[in-house]
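K.L.:
next one to model:
(chains A and B, ligands or ions: 4)
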Amino acid sequence: MALSKDELKAAILEKALNAPKPQLYVKDFYACDPDAKPREVKNAANDLVKEGKMDFWSSGSTTMYAAKGRAKDEEHR
Amino acid sequence: MPKHDTPLLDELEKGPWPSFVTDLKRQAEKKPECFDILGQLELSFKDRITHWKHGGIVGVFGYGGGIVGRYSDVPDQFPGVAHFHTVRLNQPSSKFYSSAKLRDICNLWEKYGSGMTNMHGSTGDLVLLGTTTPNLEPLFYELTHDLNQDLGGSGSNLRTPECCLGRARCEWGCYDTQALCHHLTMHYQDEIHRPAFPYKFKFKFSGCPNDCVAAIARSDFAVIGTWRDDIRIDQAAVKGYISGEFIPNAGAHSGKDWGKFDIKKEVLDLCPTECMWMEGDTLKIDNSECTRCMHCINVMPRALRPGLKQGATICVGAKAPILDGAQFATMTIPFIDVNPETEFEEVIEVIEKIWDWWMEVGKNRERVGETIMRVGLPTFLKVMEVTPVPQHIKEPRSNPYVFWQEDEVEGGFERDVKEFRKRNAQ
Ligand code: HEM
Ligand code: HEM
Ligand code: SF4
Ligand code: SF4
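P.N.:
Numbers count the residues shown, from 1 in each chain, chains lettered A, B, ... in the order given. Ligands and ions are numbered 1, 2, ... in the order given. A predicted model of the protein is given here:
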C-alpha cells in the first residue's frame, strides 16, 4: 500500500534527519515507500525543500538532499 | 586589491590569438577581484592543481539549480575570489537575442558580479562567472522581474535544452527545432529548476544530420532531423555543378585550389554507403542504402535537398568521459513525427518512458547511456517497446548483441536437446 504524500514526506524527513551521512541521493529515499513511483518520491523531497525543512546540496553536476542545517557548505569545509 | 605577478599567465598573451589574460587584466581595472582570479590561476599553474572548490548549498529560493557554488581554497591569499559562484541563464532558442538584451545582461552582471561572462558555455547557457552568496537573491530578482530571463539547469536537473538555428535560418531543417525546444523548456520547467533524476539529463535538437549542436555527442536525448523518402534531385542544377556554373559547398572551400569540380571524386566516391552513381549525365541515388549523412547535399545544395517526408531520429545516451570514456548516443527510435499540432506528444511519450525507467534502474551518478551499457541494448529496446532493426547493430558478427529470448525459441532453453538432435541422427 502506497503511503499518502504527507506520510511519504514524514518518512523522507525522518531518514534525512537520522541517516549516518548528512547528504543523500534522491534514490536513497525510494525505500521510504517501495510502492511509490520515483517521480512521486522526488516531488515529495522537493516539497520539503520548498517548506524549508531540507536543503539541496549540489556539486554542480549532481544534487543531493540534506535535512536543514545538516549539510556543510564548501565555504566551511 | 593588489596586482599579482603572473609571469606564467603573461606567456599566454604572446600568441597571435586573443587572450583571456589580456581580457582579465582589462576587466580588473573596473573589477579588482579579477586580479585575484589571475593570481589564483598563476598559483594553480605553479602548483599544478586547481584551487577552486565547488559545490554547496548556494542557490536562490525555490530553485534547485542554475547556480553552481565556487569557492577558493586559498581565500586568505585571494579574498576577491573567496566566493566565485557561477550563474547559468537559460539562453533563448537558437541563441537569438537583441544586442540591447545582451547589454542589459552585461550591465546587470557588472552590478552584481565580476562582469566576466562565458557566452555561451558548453552547456549552451549564457554563463555569468563570479559572484558572492549575498548577491544571488537581488541578482535573481532583477533578472526575472526586469530582464524577463530565467536561470538554466544544473546538478541532477534537466539541463537547459538547446537547439540549432533550424528553420529560422536554415533550409535543411527537417522539423522546427525552435518550436520543440521552446515547448519542452516550458513543459518541463519543474525538471529544469529542481533536481529530478539520478544525475544530469540533457536534450539537444538538431534540424538535420549535420547536427550543428552536436546533439549526438553531447546529449542524453538527441533529436536529429531526417527524412524517410527520397533526396530531391534537380538534375539541371547537377549539370550546373559539373559545368562549373555553380560553386560547390556554396563556396565554403573556395580559397583552396582543388581544381575543377569533379563529381566522382568529391561526391560519388565519398558517399559512405556507395549508393550514388551517374548514368550518362543523370545522377542516380539508391535511397534505400542512403544513411542520410548529408555529404552530397552539403556539396551541391542547389541540386540536392532532403526529402519531403520529414521528422526526426532519436538517439539516446551520449556522455563526456567521467569514469568511462566518452560515448556517442545510440540510435533508438529510427523515425518519429515531430508535430506541433499534437504538442509534440509523440516525443514527450518517448522522453517519459526513458525517465520512468532510468529513475528506477539508473544508479546514483549514472548517465542514462551508462545504464544502457550496463543492462545491454536489447533490454533497453524492450523497455522502449522498440523492435530491433539491423541499423541498431554497428556491423554484423563483431557485436551480435541482439539475442534470441527464451519465449522466441521453440521449446525454450530447457528443452531436451538429445530429443531434438535425434532429427539429425544418421
Ligand atoms: C571447401 C570447404 C569449405 C567451404 C566452401 C566453407 C564455406 C563456408 C561458408 C560459406 C561459411 C559461412 C560464412 C559466413 O556466414 O560468413 C562458413 C562458415 C564456417 N566454416 Fe566453413 N567452409 C569450408 C570448410 C570449413 C572447414 C574445414 C572448417 C573447420 C575445420 C570450417 C569451419 C567453419 C566455421 C567455424 C564457420 C563459421 C564462421 C563464422 O560463423 O564466422 N569450414 N564456411
Ligand atoms: C579458451 C578458449 C576459447 C575462447 C576464450 C574463445 C572465445 C571465443 C569468442 C569470444 C568468440 C566470439 C563469439 C561471438 O562473438 O559471438 C568465439 C567464436 C568462435 N570460436 Fe572460440 N574460443 C575459444 C576456443 C575455441 C576453440 C578451441 C575453437 C574450435 C576448435 C573455437 C571456435 C570458435 C568458432 C568457430 C567461433 C565462431 C562462432 C560463430 O561466430 O559462429 N573457439 N570464440
Ligand atoms: S543541424 Fe541541420 S538544420 Fe540545423 S542549422 Fe545545422 S544544417 Fe541547418
Ligand atoms: S546523404 Fe550521404 S549516404 Fe545519402 S546519398 Fe548523400 S552522400 Fe550518400
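K.L.:
close to chain A, is stretch B:370-379?
P.N.:
No - Stretch B:370-379 does not reach chain A (CB under 8 Å from any CB of the partner chain); its nearest approach is 12.4 Å. From N, CA and C alone the C-beta is placed, and that goes for glycine too.
K.L.:
residues contacting that stretch, please?
P.N.:
Contact with stretch B:370-379 is made by B:316-317, B:319, B:323-324, B:327, B:330, B:358, B:361-363, B:366, B:380, B:388, B:392, B:401-403, as judged by CB atoms under 8 Å, 6 or more residues apart in numbering or on different chains.
K.L.:
contacting chain A as well, which ones from these?
P.N.:
By CB under 8 Å from any CB, the members of the contacts of stretch B:370-379 lying near chain A are residue B:363.
K.L.:
please list the residues of chain B that sit near ligand 4.
P.N.:
Counting by CB under 6 Å from any ligand atom, chain B comes close to ligand 4 at B:271-273, B:275-276, B:285, B:290-296.
K.L.:
try 5 Å this time
P.N.:
Residues of chain B found near ligand 4 (CB under 5 Å from any ligand atom) are B:271, B:273, B:290, B:291, B:293, B:295, B:296.
K.L.:
and the closest residue to the fourth one other than its chain neighbours, backbone torsions?
P.N.:
Taking CB to CB, 6 or more residues apart in numbering or on different chains, and ignoring the residues beside it in sequence, residue B:291 has residue B:273 as its nearest neighbour in space, at 5.4 Å. When quoted as degrees, to the nearest 10, the phi and psi of residue B:273 stand at phi -100, psi 10.
K.L.:
quick one: contacts for residue B:273?
P.N.:
Residue B:273 makes contact with B:289, B:290, B:291, B:293 under the criterion CB under 8 Å, 6+ apart.
K.L.:
what subset of these is buried?
P.N.:
Among these, those scoring as buried are residue B:290 (criterion: 16 or more other CB atoms under 10 Å in any protein chain shown).
K.L.:
in the contacts of residue B:273, find the pair that's most separated.
P.N.:
Within the contacts of residue B:273, B:289 and B:293 form the most distant pair, 11.3 Å apart (CB to CB).
K.L.:
near ligand 4, which residues of chain A?
P.N.:
Counting by CB under 5 Å from any ligand atom, no residue of chain A sits close to ligand 4.
K.L.:
rewinding a little: format the residues of chain B next to ligand 4 as TSV; extra columns: secondary structure.
P.N.:
Converted to TSV, these look like this (DSSP: H, G, I helix; E, B strand; the rest coil):
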residue	secondary structure
B:271	coil
B:273	coil
B:290	coil
B:291	coil
B:293	coil
B:295	helix
B:296	helix
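K.L.:
now the residues you listed as CSV including distance to ligand 3?
P.N.:
Converted to CSV, the residues of chain B next to ligand 4 look like this (distance: CB to the nearest ligand atom, whole Å):
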residue, distance to ligand 3
B:271, 18
B:273, 20
B:290, 16
B:291, 15
B:293, 12
B:295, 12
B:296, 14
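K.L.:
can you tell me which of those residues is nearest chain A?
P.N.:
Ranked by distance to chain A (CB to the nearest CB), the residues of chain B next to ligand 4 are led by residue B:293 at 33.0 Å.
K.L.:
not counting sequence-adjacent ones, nearest residue to the closest one?
P.N.:
The nearest residue in space to residue B:293 (CB to CB, 6+ apart) is residue B:272, at 5.5 Å.
K.L.:
repeat that for residue B:12.
P.N.:
Per CB to CB, 6+ apart, closest to residue B:12 is residue B:21, 4.8 Å.
K.L.:
tell me how many other residues surround the one you found.
P.N.:
By the measure other CB atoms under 10 Å in any protein chain shown, the count of residues near residue B:21 is 19.
K.L.:
which residues touch the helix or strand hosting it?
P.N.:
Residue B:21 belongs to helix B:20-30 when elements are defined using DSSP states H and E. Helix B:20-30 is contacted by residues B:3, B:6, B:9-10, B:12-13, B:34-35, B:37-38, B:110, B:114-116 when judged by CB under 8 Å, 6+ apart.
K.L.:
among those residues, name the ones in strands.
P.N.:
residue B:116 (DSSP state E).
K.L.:
give me the buried entries from the contacts of helix B:20-30.
P.N.:
Buried positions within the contacts of helix B:20-30, assessed by neighbour count (16+ other CB under 10 Å), are B:6, B:9, B:34, B:35, B:37, B:38, B:114, B:115, B:116.
K.L.:
give me the number of residues near the nearest residue to residue A:41 once chain neighbours are set aside?
P.N.:
Excluding the flanking residues, the one nearest residue A:41 by CB to CB, 6+ apart is residue A:29, at 5.2 Å. Around residue A:29 there are 24 other residues, counting by other CB under 10 Å.
K.L.:
contacts only, for residue A:29.
P.N.:
A:12, A:15, A:16, A:41, A:44, A:45, A:65.
K.L.:
now with 10 Å?
P.N.:
Contacts here follow CB atoms under 10 Å, 6 or more residues apart in numbering or on different chains; on that basis residue A:29 touches A:8, A:11-13, A:15-16, A:19, A:36, A:38, A:41-42, A:44-45, A:48, A:65.
K.L.:
joint contacts of residue B:289 and residue B:293?
P.N.:
B:271, B:272, B:273.
K.L.:
wait, which of these is closest to residue B:47?
P.N.:
Nearest member of those to residue B:47, counting by CB to CB, is residue B:272, at 47.5 Å.
K.L.:
tell me if I'm right that the closest one and residue B:291 touch.
P.N.:
Yes - when contacts are counted by CB atoms under 10 Å, residue B:272 is listed as touching residue B:291 (6.3 Å).
K.L.:
okay, the shared contacts of residue B:289 and residue B:293 in a markdown table with distance to residue B:343 and pLDDT next?
P.N.:
Converted to a markdown table, the shared contacts of residue B:289 and residue B:293 look like this (distance: CB to CB, whole Å; pLDDT from 0 to 100):
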| residue | distance to residue B:343 | pLDDT |
| --- | --- | --- |
| B:271 | 38 | 97 |
| B:272 | 36 | 95 |
| B:273 | 36 | 94 |
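K.L.:
can you tell me which of the residues you listed is nearest residue A:69?
P.N.:
Distances from residue A:69 to those, taken by CB to CB, are shortest for residue B:272, at 58.9 Å.
K.L.:
and that closest one, how many residues sit next to it?
P.N.:
Residues near residue B:272, counting by other CB under 10 Å: 10.
K.L.:
so residue B:113 touches residue B:87, yeah?
P.N.:
Yes - between residue B:113 and residue B:87 there is a contact at 7.2 Å, judged by CB under 10 Å.
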